[in-house]
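Trainee: Here's a sequence, model it:
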Amino acid sequence: MKVQTDIPKPEDSGSDGLQTKADAAGALIEPQPVGRPMAKAITGLAASNSRAFGGEVASALIAGATSQMAVELDQTRHELSEQRQKNDRLTSDLTDEKIMSAVLAERIDSFRSSRHLKNIGISVGSLILGLGVQAIRSETFAYGIAGVAIGIVLLAFSWAAVPKGGQMIVADLPELELYAVADRGLPNSERIQILVRESTEMGQFGLMVGNSGPSGFAMPLRDNLFWFGDGIVNLGDWIFVYTGNGTPRIDEWSSPPGSKIYTVHWGRNKTMFANSNIVPVLFKTGAVQVDLPPSDLPQLSGSNT
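Mentor: The predicted structure is shown next:
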(Lines give C-alpha, C1' and ligand atoms only; values in the text may rest on other atoms or scores of the structure.)
Protein backbone atom coordinates (compact mmCIF):
# COMPACT_ATOMS: atom_id res chain seq x y z
CA MET A 1 0.00 0.00 0.00
CA LYS A 2 1.13 3.51 -0.76
CA VAL A 3 0.77 6.62 1.30
CA GLN A 4 -0.70 9.65 -0.43
CA THR A 5 -1.20 13.12 1.03
CA ASP A 6 -4.19 14.16 -1.10
CA ILE A 7 -6.60 11.44 0.01
CA PRO A 8 -10.02 13.11 0.23
CA LYS A 9 -11.87 13.29 3.53
CA PRO A 10 -15.62 13.68 3.04
CA GLU A 11 -17.33 16.29 5.17
CA ASP A 12 -20.32 13.99 5.61
CA SER A 13 -19.65 10.28 6.05
CA GLY A 14 -23.32 9.32 5.87
CA SER A 15 -22.93 7.39 9.15
CA ASP A 16 -25.88 7.09 11.51
CA GLY A 17 -23.64 7.87 14.52
CA LEU A 18 -24.57 4.74 16.46
CA GLN A 19 -21.34 2.78 16.07
CA THR A 20 -19.27 2.15 19.21
CA LYS A 21 -15.59 1.40 19.69
CA ALA A 22 -14.62 -2.25 19.98
CA ASP A 23 -11.91 -3.51 22.30
CA ALA A 24 -8.67 -4.47 20.60
CA ALA A 25 -8.78 -8.15 19.63
CA GLY A 26 -6.82 -10.28 22.04
CA ALA A 27 -6.87 -7.75 24.89
CA LEU A 28 -7.00 -9.41 28.29
CA ILE A 29 -9.81 -8.47 30.65
CA GLU A 30 -8.66 -8.82 34.21
CA PRO A 31 -11.11 -10.59 36.57
CA GLN A 32 -12.71 -8.72 39.41
CA PRO A 33 -10.60 -8.85 42.61
CA VAL A 34 -12.86 -10.99 44.80
CA GLY A 35 -10.30 -12.65 47.07
CA ARG A 36 -8.77 -9.54 48.65
CA PRO A 37 -12.03 -7.87 49.85
CA MET A 38 -13.24 -11.21 51.24
CA ALA A 39 -9.98 -11.75 53.10
CA LYS A 40 -10.14 -8.24 54.57
CA ALA A 41 -13.73 -8.78 55.68
CA ILE A 42 -12.93 -12.05 57.46
CA THR A 43 -9.84 -10.53 59.07
CA GLY A 44 -11.89 -7.59 60.32
CA LEU A 45 -14.58 -9.86 61.76
CA ALA A 46 -11.96 -12.02 63.49
CA ALA A 47 -10.36 -8.96 65.07
CA SER A 48 -13.64 -7.42 66.28
CA ASN A 49 -15.48 -10.56 67.31
CA SER A 50 -13.09 -13.45 67.85
CA ARG A 51 -15.71 -15.53 69.71
CA ALA A 52 -17.73 -15.86 66.51
CA PHE A 53 -14.83 -17.93 65.08
CA GLY A 54 -14.28 -20.07 68.21
CA GLY A 55 -11.84 -17.91 70.11
CA GLU A 56 -8.78 -15.78 69.44
CA VAL A 57 -6.55 -18.65 68.29
CA ALA A 58 -9.14 -20.07 65.90
CA SER A 59 -10.02 -16.65 64.53
CA ALA A 60 -6.35 -15.85 63.94
CA LEU A 61 -5.88 -19.14 62.09
CA ILE A 62 -8.96 -18.57 59.95
CA ALA A 63 -7.90 -15.01 59.11
CA GLY A 64 -4.37 -16.16 58.23
CA ALA A 65 -5.61 -19.02 56.07
CA THR A 66 -8.00 -16.69 54.25
CA SER A 67 -5.22 -14.16 53.61
CA GLN A 68 -2.94 -16.93 52.33
CA MET A 69 -5.66 -18.19 49.99
CA ALA A 70 -6.15 -14.64 48.70
CA VAL A 71 -2.40 -14.31 47.98
CA GLU A 72 -2.35 -17.67 46.20
CA LEU A 73 -5.42 -16.65 44.21
CA ASP A 74 -3.65 -13.46 43.07
CA GLN A 75 -0.60 -15.48 42.05
CA THR A 76 -2.78 -17.92 40.12
CA ARG A 77 -4.48 -15.05 38.30
CA HIS A 78 -1.12 -13.55 37.42
CA GLU A 79 0.13 -16.88 36.07
CA LEU A 80 -3.10 -17.32 34.11
CA SER A 81 -2.66 -13.86 32.58
CA GLU A 82 0.90 -14.73 31.54
CA GLN A 83 -0.26 -18.01 30.03
CA ARG A 84 -2.96 -16.21 28.05
CA GLN A 85 -0.42 -13.77 26.68
CA LYS A 86 1.87 -16.65 25.79
CA ASN A 87 -1.03 -18.44 24.12
CA ASP A 88 -1.81 -15.31 22.07
CA ARG A 89 1.81 -15.13 20.90
CA LEU A 90 1.80 -18.81 19.98
CA THR A 91 -1.49 -18.37 18.12
CA SER A 92 0.00 -15.48 16.16
CA ASP A 93 3.09 -17.53 15.34
CA LEU A 94 0.90 -20.44 14.26
CA THR A 95 -1.06 -18.13 11.97
CA ASP A 96 2.16 -16.91 10.36
CA GLU A 97 3.33 -20.49 9.83
CA LYS A 98 -0.01 -21.43 8.26
CA ILE A 99 0.32 -18.53 5.84
CA MET A 100 3.83 -19.55 4.83
CA SER A 101 2.72 -23.19 4.52
CA ALA A 102 -0.13 -22.17 2.22
CA VAL A 103 2.24 -20.12 0.08
CA LEU A 104 4.74 -22.99 -0.19
CA ALA A 105 1.97 -25.46 -1.04
CA GLU A 106 0.79 -23.14 -3.81
CA ARG A 107 4.31 -22.91 -5.20
CA ILE A 108 4.66 -26.69 -5.17
CA ASP A 109 1.35 -27.17 -7.00
CA SER A 110 2.32 -24.59 -9.60
CA PHE A 111 5.73 -26.20 -10.08
CA ARG A 112 4.17 -29.62 -10.58
CA SER A 113 1.70 -28.33 -13.15
CA SER A 114 4.42 -26.55 -15.14
CA ARG A 115 7.12 -29.20 -14.83
CA HIS A 116 6.01 -31.26 -17.85
CA LEU A 117 5.62 -28.17 -20.03
CA LYS A 118 9.08 -27.03 -18.97
CA ASN A 119 10.63 -30.40 -19.87
CA ILE A 120 8.96 -30.41 -23.28
CA GLY A 121 10.11 -26.85 -23.97
CA ILE A 122 13.70 -27.64 -22.99
CA SER A 123 13.76 -30.79 -25.12
CA VAL A 124 12.30 -29.10 -28.21
CA GLY A 125 14.50 -26.04 -27.73
CA SER A 126 17.62 -28.19 -27.43
CA LEU A 127 16.65 -30.14 -30.55
CA ILE A 128 16.06 -27.00 -32.62
CA LEU A 129 19.30 -25.47 -31.32
CA GLY A 130 21.23 -28.61 -32.30
CA LEU A 131 19.68 -28.66 -35.77
CA GLY A 132 20.56 -25.00 -36.21
CA VAL A 133 24.21 -25.66 -35.31
CA GLN A 134 24.31 -28.55 -37.77
CA ALA A 135 22.81 -26.32 -40.48
CA ILE A 136 25.49 -23.68 -39.87
CA ARG A 137 28.18 -26.34 -40.14
CA SER A 138 26.60 -27.41 -43.43
CA GLU A 139 26.89 -23.79 -44.60
CA THR A 140 23.12 -23.35 -44.64
CA PHE A 141 23.51 -20.16 -42.68
CA ALA A 142 20.00 -18.72 -43.03
CA TYR A 143 18.26 -21.81 -41.62
CA GLY A 144 21.04 -22.39 -39.13
CA ILE A 145 20.89 -18.91 -37.58
CA ALA A 146 17.10 -19.02 -37.44
CA GLY A 147 17.19 -22.43 -35.75
CA VAL A 148 19.77 -21.30 -33.19
CA ALA A 149 17.74 -18.17 -32.37
CA ILE A 150 14.48 -20.10 -32.01
CA GLY A 151 16.15 -22.73 -29.85
CA ILE A 152 17.70 -20.16 -27.51
CA VAL A 153 14.39 -18.29 -27.14
CA LEU A 154 12.49 -21.51 -26.41
CA LEU A 155 15.05 -22.62 -23.83
CA ALA A 156 15.01 -19.25 -22.10
CA PHE A 157 11.21 -19.17 -22.01
CA SER A 158 11.03 -22.71 -20.59
CA TRP A 159 13.36 -21.84 -17.74
CA ALA A 160 11.68 -18.50 -17.00
CA ALA A 161 8.20 -20.07 -16.92
CA VAL A 162 8.99 -21.89 -13.65
CA PRO A 163 7.81 -20.00 -10.54
CA LYS A 164 10.72 -18.61 -8.53
CA GLY A 165 11.10 -18.70 -4.78
CA GLY A 166 10.04 -15.66 -2.84
CA GLN A 167 7.00 -14.96 -5.02
CA MET A 168 3.40 -15.64 -4.18
CA ILE A 169 1.52 -16.93 -7.17
CA VAL A 170 -1.43 -14.54 -6.87
CA ALA A 171 -2.42 -12.02 -9.50
CA ASP A 172 -2.21 -8.32 -8.68
CA LEU A 173 -5.22 -6.01 -8.74
CA PRO A 174 -4.34 -3.28 -11.25
CA GLU A 175 -7.88 -1.88 -11.20
CA LEU A 176 -7.97 -0.89 -7.52
CA GLU A 177 -5.44 0.21 -4.91
CA LEU A 178 -6.00 -0.33 -1.20
CA TYR A 179 -4.81 2.44 1.12
CA ALA A 180 -4.28 2.46 4.87
CA VAL A 181 -7.37 2.31 7.09
CA ALA A 182 -8.31 5.81 8.22
CA ASP A 183 -9.32 6.64 11.81
CA ARG A 184 -8.75 3.13 13.17
CA GLY A 185 -10.96 2.38 16.15
CA LEU A 186 -12.81 5.70 15.91
CA PRO A 187 -16.58 5.05 15.87
CA ASN A 188 -18.50 6.35 12.82
CA SER A 189 -15.24 7.55 11.19
CA GLU A 190 -13.25 4.33 10.73
CA ARG A 191 -13.10 3.60 7.00
CA ILE A 192 -11.33 1.59 4.31
CA GLN A 193 -9.92 3.73 1.47
CA ILE A 194 -9.70 2.45 -2.10
CA LEU A 195 -8.44 4.37 -5.14
CA VAL A 196 -9.67 3.35 -8.59
CA ARG A 197 -6.74 2.91 -11.01
CA GLU A 198 -8.75 1.64 -14.00
CA SER A 199 -12.40 1.82 -15.01
CA THR A 200 -13.95 -1.42 -13.83
CA GLU A 201 -17.12 -3.22 -12.74
CA MET A 202 -17.22 -3.49 -8.93
CA GLY A 203 -19.45 -6.57 -8.87
CA GLN A 204 -16.37 -8.79 -9.12
CA PHE A 205 -14.67 -7.31 -6.02
CA GLY A 206 -15.14 -7.76 -2.32
CA LEU A 207 -13.51 -7.17 1.05
CA MET A 208 -12.46 -9.58 3.78
CA VAL A 209 -10.80 -9.03 7.14
CA GLY A 210 -7.57 -10.80 8.01
CA ASN A 211 -4.87 -11.16 10.62
CA SER A 212 -1.73 -9.51 9.25
CA GLY A 213 1.19 -11.86 8.66
CA PRO A 214 4.76 -11.68 7.29
CA SER A 215 5.68 -10.33 3.86
CA GLY A 216 2.36 -8.58 3.34
CA PHE A 217 0.21 -11.71 3.67
CA ALA A 218 -2.91 -12.04 5.82
CA MET A 219 -4.93 -14.95 7.18
CA PRO A 220 -8.66 -14.27 6.57
CA LEU A 221 -10.96 -14.30 9.58
CA ARG A 222 -14.28 -16.11 9.51
CA ASP A 223 -17.62 -14.42 8.84
CA ASN A 224 -16.23 -11.09 7.62
CA LEU A 225 -17.25 -10.42 4.02
CA PHE A 226 -18.34 -7.27 2.22
CA TRP A 227 -19.55 -7.23 -1.41
CA PHE A 228 -19.56 -3.92 -3.27
CA GLY A 229 -22.42 -4.78 -5.58
CA ASP A 230 -22.71 -4.05 -9.28
CA GLY A 231 -21.61 -0.65 -10.57
CA ILE A 232 -19.04 1.03 -12.79
CA VAL A 233 -16.25 3.15 -11.32
CA ASN A 234 -13.72 5.17 -13.28
CA LEU A 235 -10.08 6.18 -13.07
CA GLY A 236 -9.48 8.60 -10.18
CA ASP A 237 -12.62 7.71 -8.23
CA TRP A 238 -12.39 6.96 -4.52
CA ILE A 239 -14.37 4.33 -2.59
CA PHE A 240 -14.74 4.77 1.16
CA VAL A 241 -16.13 1.80 3.09
CA TYR A 242 -17.16 2.96 6.56
CA THR A 243 -17.33 0.07 9.00
CA GLY A 244 -20.48 1.37 10.72
CA ASN A 245 -24.04 1.87 9.51
CA GLY A 246 -25.15 4.77 7.35
CA THR A 247 -26.57 6.02 4.08
CA PRO A 248 -24.63 5.60 0.80
CA ARG A 249 -23.40 8.84 -0.77
CA ILE A 250 -21.82 10.01 -4.03
CA ASP A 251 -19.79 13.23 -3.90
CA GLU A 252 -17.78 15.09 -6.50
CA TRP A 253 -13.98 15.08 -6.33
CA SER A 254 -11.72 17.47 -8.22
CA SER A 255 -8.56 15.37 -8.68
CA PRO A 256 -8.80 14.44 -11.49
CA PRO A 257 -11.69 16.64 -12.62
CA GLY A 258 -14.97 14.79 -12.89
CA SER A 259 -14.02 11.99 -10.50
CA LYS A 260 -16.30 10.93 -7.66
CA ILE A 261 -16.20 9.73 -4.07
CA TYR A 262 -18.41 6.71 -3.39
CA THR A 263 -19.27 6.24 0.28
CA VAL A 264 -20.71 2.90 1.41
CA HIS A 265 -21.12 1.25 4.82
CA TRP A 266 -20.25 -2.22 6.12
CA GLY A 267 -22.97 -2.13 8.80
CA ARG A 268 -21.01 -3.21 11.88
CA ASN A 269 -22.17 -2.02 15.29
CA LYS A 270 -18.59 -1.87 16.60
CA THR A 271 -15.36 -0.76 15.00
CA MET A 272 -13.30 -3.45 13.25
CA PHE A 273 -9.71 -2.21 13.17
CA ALA A 274 -8.91 -1.06 16.71
CA ASN A 275 -6.29 -3.82 16.69
CA SER A 276 -3.54 -2.73 14.29
CA ASN A 277 -2.82 -6.39 13.39
CA ILE A 278 -6.27 -6.67 11.78
CA VAL A 279 -6.26 -5.48 8.16
CA PRO A 280 -8.74 -5.35 5.26
CA VAL A 281 -8.17 -7.74 2.36
CA LEU A 282 -9.35 -6.64 -1.10
CA PHE A 283 -10.03 -9.53 -3.48
CA LYS A 284 -11.33 -10.18 -6.98
CA THR A 285 -13.43 -13.22 -7.88
CA GLY A 286 -12.37 -15.36 -10.82
CA ALA A 287 -15.35 -17.72 -10.96
CA VAL A 288 -18.50 -18.30 -8.93
CA GLN A 289 -20.86 -21.26 -8.64
CA VAL A 290 -24.18 -20.88 -6.83
CA ASP A 291 -26.35 -23.76 -5.64
CA LEU A 292 -30.02 -23.77 -6.64
CA PRO A 293 -32.80 -24.24 -4.07
CA PRO A 294 -34.57 -27.60 -4.30
CA SER A 295 -37.84 -27.38 -6.21
CA ASP A 296 -39.44 -30.51 -4.73
CA LEU A 297 -39.35 -29.39 -1.08
CA PRO A 298 -41.57 -26.89 0.72
CA GLN A 299 -39.87 -23.53 1.18
CA LEU A 300 -39.76 -21.90 4.61
CA SER A 301 -40.61 -18.23 4.93
CA GLY A 302 -38.04 -15.77 6.26
CA SER A 303 -40.07 -15.04 9.45
CA ASN A 304 -39.90 -17.21 12.53
CA THR A 305 -43.16 -18.32 14.09
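Trainee: Residue ranges in the stretch 51-200 of the chain under the pLDDT threshold?
Mentor: In the prediction, the stretch 51-200 of the chain carries residues with pLDDT under 70 at positions 51-64, 92, 96, 99, 103, 107, 110, 113, 160-171.
Trainee: And the strands in it?
Mentor: Per DSSP state E, counting those that start in this stretch, the stretch 51-200 of the chain carries strands over the ranges 176-178, 191-196, 200-201.
Trainee: which residues are contacting the last one?
Mentor: What that stands for is strand 200-201. Here strand 200-201 makes contact (CB atoms under 8 Å, 6 or more residues apart in numbering) with 175-176, 230-233. Where you see a C-beta, it was placed from the backbone N, CA and C, and this is true even at glycine.
Trainee: Over to the first one?
Mentor: Residues from elsewhere that reach strand 176-178, judged by CB under 8 Å, 6+ apart: 1-2, 192-197, 200, 205, 239, 280, 282.
Trainee: and what of the second one?
Mentor: Residues lying outside strand 191-196 but in contact with it, judged by CB under 8 Å, 6+ apart, are 4, 7, 13, 175-183, 207, 233-243, 280, 282.
Trainee: For ChimeraX, what selects the buried ones among these?
Mentor: Under the burial definition 16 or more other CB atoms under 10 Å, those of the contacts of strand 191-196 that qualify are selected in ChimeraX by:
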select :13,175,176,178,179,181,182,183,207,233,236,237,238,239,240,241,242,243,280,282
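Trainee: Adding distance to residue 149, write the strands of the stretch 51-200 of the chain out as CSV.
Mentor: What follows is the strands of the stretch 51-200 of the chain, written out as CSV (distance: least, CB to CB, whole Å):
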stretch, distance to residue 149
strand 176-178, 40
strand 191-196, 43
strand 200-201, 40
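Trainee: Can you say which of those strands is nearest to residue 268?
Mentor: Closest to residue 268 of the strands of the stretch 51-200 of the chain, according to CB to CB: strand 191-196, at 11.7 Å.
Trainee: residue ranges of the helices in the stretch 51-200 of the chain, please?
Mentor: 56-137, 141-160 (DSSP state H, counting those that start in this stretch).
Trainee: and the last one, what does it pack onto?
Mentor: On a contact count with 3 or more CB pairs under 8 Å, 6 or more residues apart in numbering; DSSP states H and E, helix 141-160 meets helix 56-137.
Trainee: Which secondary structure element is home to residue 250?
Mentor: Following DSSP states H and E, one finds residue 250 within strand 249-253.
Trainee: hey, where'd the strands end up in the stretch 201-305 of the chain?
Mentor: Assigned by DSSP E, counting those that start in this stretch, the strands in the stretch 201-305 of the chain fall at 205-212, 218-227, 232-233, 238-242, 249-253, 259-265, 278-284.
Trainee: Which positions within the last one qualify as buried?
Mentor: If you call a residue buried by 16+ other CB under 10 Å, then strand 278-284 has these buried ones: 278-282.
Trainee: Make TSV out of those residues and add pLDDT and distance to residue 254.
Mentor: Written out in TSV, the entries for these read as follows (pLDDT from 0 to 100; distance: CB to CB, whole Å):
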residue	pLDDT	distance to residue 254
278	92	33
279	93	30
280	95	26
281	94	30
282	95	25
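Trainee: got a markdown table for these, with distance to residue 144 too?
Mentor: Conversion of the buried residues of strand 278-284 to a markdown table gives the following (distance: CB to CB, whole Å):
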| residue | distance to residue 144 |
| --- | --- |
| 278 | 62 |
| 279 | 57 |
| 280 | 58 |
| 281 | 54 |
| 282 | 52 |
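Trainee: Pick the one among those closest to residue 133.
Mentor: Distances from residue 133 to the buried residues of strand 278-284, taken as CB to CB, are shortest for residue 282 (51.1 Å).
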